[in-house]
Each structure stands twice: as C-alpha cells, then as structure tokens.
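A.B. asks: the sequence and its predicted three-dimensional model are supplied below.
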Amino acid sequence: MKLRFLLIGLLLQVVLFSLEIHIPVPQIENNGFVNDLPVILNDGEPQIAYVPVKILLPMGEKFKSINFVKAGKVHKIENVFIDYAKQIQPISNAFSIPEKGMSQSIYNADELFPKTNYKVLGTQRMNGFEILLINLFPYKFNPVKKELVWNDKVEIDVETEFDRNLFETQNKFLLLNNETKKLLERTILNPAVISSYQKNYFPPQRDLPDPNDPYSMIIITDENGEEYLQEFLSWKNERGVKTKIFLTSEIYSNFAGGDDAEKIKNFIINAYQAYSGTEFPLEYVLLGGDDEIIPIRGVFIDTGYGTVDHHMPCDLYYSCLDNDWDANGNRVFGEIEDDVDLIPEIAIGRIPADVQIDFDNFFHKTQSYVEETTISTDIAYLLGENLNWNPLTWGGDYKDEVAAEVPFLEENYHVYRLYQREDTYSPQAVTNAINSGLSIINHMGHSNQSIVFGQTIGSVNSYTNTEYGFAYTQGCYPAAFDEATSHQGESIAENLVNGHAGLFAFVGNTRYGWYSPGNTNGPSQPYDIEFFKALFNDNIRQLGKALAQSRIVLANQALTNTFLRWVHYELVLLGDPSVSVKDAVGSFPYIQPQNVVYNDVQGDNDGFINPGETIEIEITLENDDDWADAENVYAIIEFENDDIQVLQDSVFYGNIAEGTSVTASPFVISISPDCALGTCHYNLHIFAPVNEDISYHRSFELSFELSLFQQNWPWQSFYTLQANPIIADFNADGEKEILVTDVTGNINLLNIDAEQTEGFPWEFEENIFRSAAYGDIDGD
C-alpha cells in the first residue's frame, strides 16, 4: 500500500490522499470462491467475492469524494463457472422465502458481472476515529465466456475537507489508549493516519457521571438489583475491573430522552465521554436486569423479502454511541434512512434476571468459571443439526468451517463434535455433555424461544453440572428476552444463564438466524466465525469485546446486505462482557471408569448382590487417548444409603498413561440385611494432581441392583404355569425342594440352586390346570 497526502488551498483545507490495494488471487473450488472474502448473496446472482475496505480519515476531515483507478496487471481464469446465490432462509424453517433461481439476464449476457467497481457505504465512527467504508468489486465474471478477470491492484484517491463540528465531536469521543490503537491497526488500511488524532477534551464537571471518579465498567440496574449485585460488585473490583452501579431512577431523573432507553443511552454517552481521557476509560456496560428492569430498544428491520420486524430487541443500541439511531425523528429506530451507527464504542452485556435467585445464580456461575480451573476448561463442543434435505445442508459443515478458520480451537482444546451428519447429535447427548462439564458450545441448528441445541426448559431444570461454560448459537429466537415473544415466560437462553446449573453466558439471536441452502454462505455464519477469530486469532478474550469486534469487522457487510444487517442488530450477550475466555490447560488427563465388577466372594458367591452380604467392587479406570498422562491417581466411593457401610472407600491406582487402563484393589462395602431392594446408587470420585495449583477431579454416578436372587434364580419355565409351586423336603435329605408343574404335565423338582433333582423332570401326558397336592400317600 502506498499513501500520499496533498493539501490544496489554505482556506478550503482540502486533503487528497491515495491508497494502493493489492488484490488476492481468486481461489475457486466447487464453482465458488474459497478466499477469505465475503461474496455477493443476492438471490440468483453469481456469488462473486468482493473486498471490504475500511479507510481512516484524518482527524476532523469529512469525506468528500473518491476516485477509483484500476492498476497493475490484468489476470484471467478460463473455463470457470461461478454458481448463483440461493435464497437466504431462516434456520428455524418457520417459513420459506420463494427462490428466484438463476438470473437468466445475468448468466445469458456476454458481459462482465458485476458492472460496478466499487460502492461507497459511508462513514462510521469508532471511539472517535472517522472510518470510510468502501466495497471493492475487482473480480469480474463473464458467464457466457466462462471467464474470470481481475486487476492485481487498484488505487483509490480519497478527497476530504475539514469540518469543525466533526473535529469537536471526535475530540469528545476520542480514545487513544494502546488497546484502541491496536484494534484500529487491525481494522483499517492506513494505520499511519492514527497519528493525526490528538485529544484535548475536558468534560464538564457533574455528579452523574463524575469525570474525577472514572470506571472501566458500569452496571445499570434498579434498587433491588443494586442490593442483589453487591457481592458481584465487590468481586469485580477485587479482580481489578473498576466497577460501579448506577441506578435507573437516578438516570431517568437526570438525563433527557424520548423514552427510558434513550435516557440510559444518553447517560452511557456522558459516562464514556467523561472517562475517555482518564486512566479508566469506559470499556464495559452491564445491563443489570431483564426487560422489566432495563428497557428494550426495539428496532425496525426489513429484509426486503417479506420478513419485517418492527420491534427487534437490540442491546447493540446501547453500545453504539455516535448517534441516536433515529435520524429522521419518527421514533422508529434502526431504519436504513436513520444512518445507523453500527460500530460499537463499548462492550455490552445483560444479566437477564429480575429476582434475587437469578442474580445469585448468575454471579455464582460467572465466579466459578473465572476462578476454578477444571478439566472442563479444556473441553469444547461443536453441535450441528440438519438444516435442509433439499438441497442437503448440514450444520456440521458450518461448524467445520468455523474450526478451519480458527485453528487455535483444535490445537489447544479437546473439541468434540455432535453432528446429525454423523448421527452423533441428540438432545440427550448435549445434556450429557453439559452435565459432564465443558467450556465452549458452538451450535448451528434449529431453535426457538423454548429450545436450543435440543435443550428445553425442562432439560435446564434437570441439569446437575457444577462446572460452567458459555454457548454461541446461530439458531432462531433463543435469546428473545422480550416477553412479547416468549409467551409471558422466559427464553431458553435466559433459563440457561439464570438457572442453578447450565451456562454462565450465552451469545445468540433475539430473532431469526439465517442460512444459505446447500452451502455455508449464510448471513449468520460470518458473525460466528469473526467472534471466534476475535477470541483466539486476535486474542481478544473478553466476551463482550469479541462480540463487538465481530461487528466492527462485518460493518461493510451489514451495510451491504439486509440479512447481515438483521444479524448485526439481533446478536446479544447474556452475561458479563468483561469475562475473558480461558486458555485450555493442556496437562489434564481424562480418567473415567471403564469396567465395574461386583464380587460376592465374602457372601454366598452366587454372583448376585443380596442384603446381608459383603461386596467387593473392582473398578477399572481408563485414561482417554490424546489427553495427558496421569500420575498418583486415586478414587473414592460414596454412598448416601445408611444401610450400606463402606469398609474400603479409597483405592490408589498410581500412574495411568494416556490410552491405557488400570485395575487396582477393590472397594469393599457391607450391606445391611434390612437394606431396601432395588437400584443402589453411589458416586465414584477420581482424583489426580496436575500441578501445584490444580488437580483432575471427576465424579461419576454408578449403581447396582440389590435383590433376593440367588444362583440360577429366577428359574424360567418354558411352559405356562397354572398350579402353585409346593415347597417341601421331598427326599428327606434335610433340604427343601420346590415342586413346579406346568400345563403340559411336566413336573419339575428343583433344589436350592434351581437344579433338577434326580429323576426329574417327570413328563406326564395329562394337562394340569389346577393346583397340585403333596402328601405321604403310602405312609413310607
């Protein structure tokens, strides 16, 4: 890239600068681009890649015009076909948008597509930096000649002029810390222009907010929420996130606005400006309550294909601080003509709670994730459902693409796939995964307000997990936290975060997610990819900042396609935006019971567990492949049944290399003669030190059947029995036998071990449908 500045006229203060952009060689596979570039998604049109460009304008400079120049060599690929875009569809299959099919006017024309070379999308502001957004269309496809041509570089001349009002506004919002500069360098083509930005803004003195008492995170809630969040507040400050609670009642009485949501946003703007030049600039806002406590900003969105939402819940509104999203003043927010600010200044999250137990659960699970390092830290799940049978579309393909774009995931975490494509996905399998403990869920599949990745509110209420992770889903409506679409109940995402178990955070949609039939070019997919790229490729580990980064990267696409704009609006974080996703430890083993043998050699040694017996429990432990070797492994069993006494509750297994198993000495229990029959449950706790600070600990619920069965009992007759059995000492040997007769006339005489005594069975040719009788007939 080359960059030159030219100052023209001292009075006009016009600046002209040029950028040279190198165009990557197109990579075509399966009739489509596989470059890391967005493609045109208009139904029926060729899916041609385009280059989204973000150019930083000098401070105070307002965009005036642009000149596009093709440069460099012209390249051509012959005998190529670019498939057309399929109609975008909702992931839930709630309805289907009619397909137009291949555009004959384009595919039958002997001319290059697209005709335009570029499109200016306008300017957006990020933390005071003015950014020009342009889409370049360097790749041209002739469908008749089957040719793809492009120039290997282009030049853009940008003309700007100084604007005093813009300069003063930028000065108020400007954030010049290293983190913002680093983020900006990743975003724009011309980072050298950053040096043109200087801040000399001094905010007016006021009590709410006080510029002399800045905070990195503010929590907005009501009086009840303030009481419930005191312990959470102390914990955040102890961990170095300077945090303060502000009450909605104070905000409503001190700030102007057309409604309460606008008053809250105006307060956030003031807090951001007041803290922007301090040691603690505002980074996070946590909305402390459900929609009953912190109001929803409902926005308008129209896909242009018959799908319209007039009141989409959009927490993004509270984090994009450069305008009010209602430029035309009609109180309809988010319309295209409102020139909506799509790039956030701060990271936003919401606690979807309204009663104390929900706030307490949120804090407990968040604190547990942050402070406790367990094997769950190393575990991630990719979940993929079937999206469409014709054309065949698998959620697993979408998830595999995420994993390919973010190689850090599989390089550092143990990633398990539950895919319908491989017949490994089921609601119960997901329940088991959550109960076993995990760190990350990434899901592509069907959902609604009441179900996501096969989990219902009933599933959530049944969870037993004590280790918590977060989930990201592309599904429809799971985070619809407005009661209007949750039938006076709470959405499944709220239940997952508010419940006693489940997840500590959730990123998902408040309305429809969108996919592309037959391929992975769905509008929800790039937001998923960019979120995880921010977390792991860019090392932006805070959940709220990673979500904000995905929107910064995709601002061009959101301004280009209404389906992507829909996703841009609807994504919400239910959770603390300042929580950082933890690295996998990498040194955990994964030990679990492989086989359990119950031995009653200290009882009657018949292979059945009976009341009054002493039982040896021999448990073989295995250490799974691809995990670390385990050292000094030991295990403990625990019964809650008072009628079962544990005589040997702890067993040392020693070292278990990965991919191997070990059997040690048995556990020993004594069962009371009065113990109730049936299934007896107990817990197996496995321990192994990992390092000085952490250890492996996993618990498994095991069980056995306690019965009166003895060896060879129950005995099975091959024929129906109508006569009652008779128990007596038939052969005067001091032990009783059992006489059993069936309807065909067979007479069986069984000893205590269910074995036929000598001379039996006796076959009698008459049917016996009544009770048999027993007695010493001849007195011998």
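C.D. replies: Looks like it arrived, so ask away. Numbers count the residues shown, from 1 in each chain.
A.B. asks: low-scoring stretches of this structure, by residue?
C.D. replies: Where the chain drops to pLDDT under 70, the residues are 1-13, 484-488, 768-770.
A.B. asks: does Pro713 really touch Ala754, like I thought?
C.D. replies: Not Pro; residue 713 is Trp. Yes. When contacts are counted by C-beta atoms under 8 Å, Trp713 is listed as touching Ala754 (5.4 Å). C-beta here means a position set from N, CA and C on the backbone, and glycine is covered the same way.
A.B. asks: my guess is Val415 contacts Leu409, does it?
C.D. replies: Yes. With contacts defined as C-beta under 8 Å, Val415 counts as touching Leu409 at a distance of 5.8 Å.
A.B. asks: who touches both of those two?
C.D. replies: Listed as contacting both Val415 and Leu409 by C-beta atoms under 8 Å, 6 or more residues apart in numbering are Ala380, Ala403.
A.B. asks: ok, now which ones touch Ala628?
C.D. replies: Applying C-beta under 8 Å, 6+ apart to Ala628 gives the contacts Gly586, Ser587, Phe588, Pro589, Glu658, Val690.
A.B. asks: what is the burial count for the second one?
C.D. replies: It refers to Ser587. The tally of other residues near Ser587 (other C-beta atoms under 10 Å) stands at 13.
A.B. asks: same check, this time on the one 10 residues further on
C.D. replies: Counted with other C-beta under 10 Å, residues neighbouring Val597 total 11.
A.B. asks: now whatever helix or strand it lives in: buried residues?
C.D. replies: Assessed by DSSP states H and E, Val597 sits inside strand 591-599. Buried residues in strand 591-599, defined by neighbour count with 16 or more other C-beta atoms under 10 Å: Ile591, Pro593, Tyr598, Asn599.
A.B. asks: let me have those residues in a markdown table, adding distance to Gln455 as columns.
C.D. replies: Written out in a markdown table, the entries for the buried residues of strand 591-599 read as follows (distance: C-beta to C-beta, whole Å):
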| residue | distance to Gln455 |
| --- | --- |
| Ile591 | 27 |
| Pro593 | 26 |
| Tyr598 | 34 |
| Asn599 | 40 |
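A.B. asks: among the contacts of Ala628, which pair sits farthest apart?
C.D. replies: Taking C-beta to C-beta as the measure, these reach their widest spread between Glu658 and Val690, a distance of 13.4 Å.
A.B. asks: and for these two, which residues touch both?
C.D. replies: Residues touching both Glu658 and Val690 (C-beta under 8 Å, 6+ apart) are Pro589, Ala628.
A.B. asks: neighbour count: these two, which is higher?
C.D. replies: Of the pair Glu658 and Val690, Val690 is the one with more neighbours under other C-beta under 10 Å, namely 20 against 16.
A.B. asks: residues contacting the more buried one?
C.D. replies: Neighbour list for Val690: Val585, Ser587, Phe588, Pro589, Ala628, Tyr696 [criterion: C-beta under 8 Å, 6+ apart].
A.B. asks: checking the second one next. Helix, strand or coil?
C.D. replies: Applying DSSP: H, G, I helix; E, B strand; the rest coil to Ser587 yields a three-state assignment of coil.
A.B. asks: same question, the last one
C.D. replies: Secondary structure assignment for Tyr696 (three-state DSSP): strand.
A.B. asks: spatially nearest residue to it (excluding sequence neighbours)?
C.D. replies: With sequence-adjacent residues excluded and distances taken as C-beta to C-beta, 6 or more residues apart in numbering, Tyr696 is closest to Ala688, at 4.2 Å.
A.B. asks: do the same with the fourth one
C.D. replies: Spatial nearest neighbour of Pro589, chain neighbours left out: Ala630 (3.6 Å); criterion: C-beta to C-beta, 6+ apart.
A.B. asks: which residues does that neighbour bridge with?
C.D. replies: Taking DSSP bridges, one finds Ile656 as the beta-bridge partners of Ala630.
A.B. asks: correct me, but it touches Ile591?
C.D. replies: Yes. Contact status for Ala630 versus Ile591: in contact at 5.7 Å, counting by C-beta under 8 Å.
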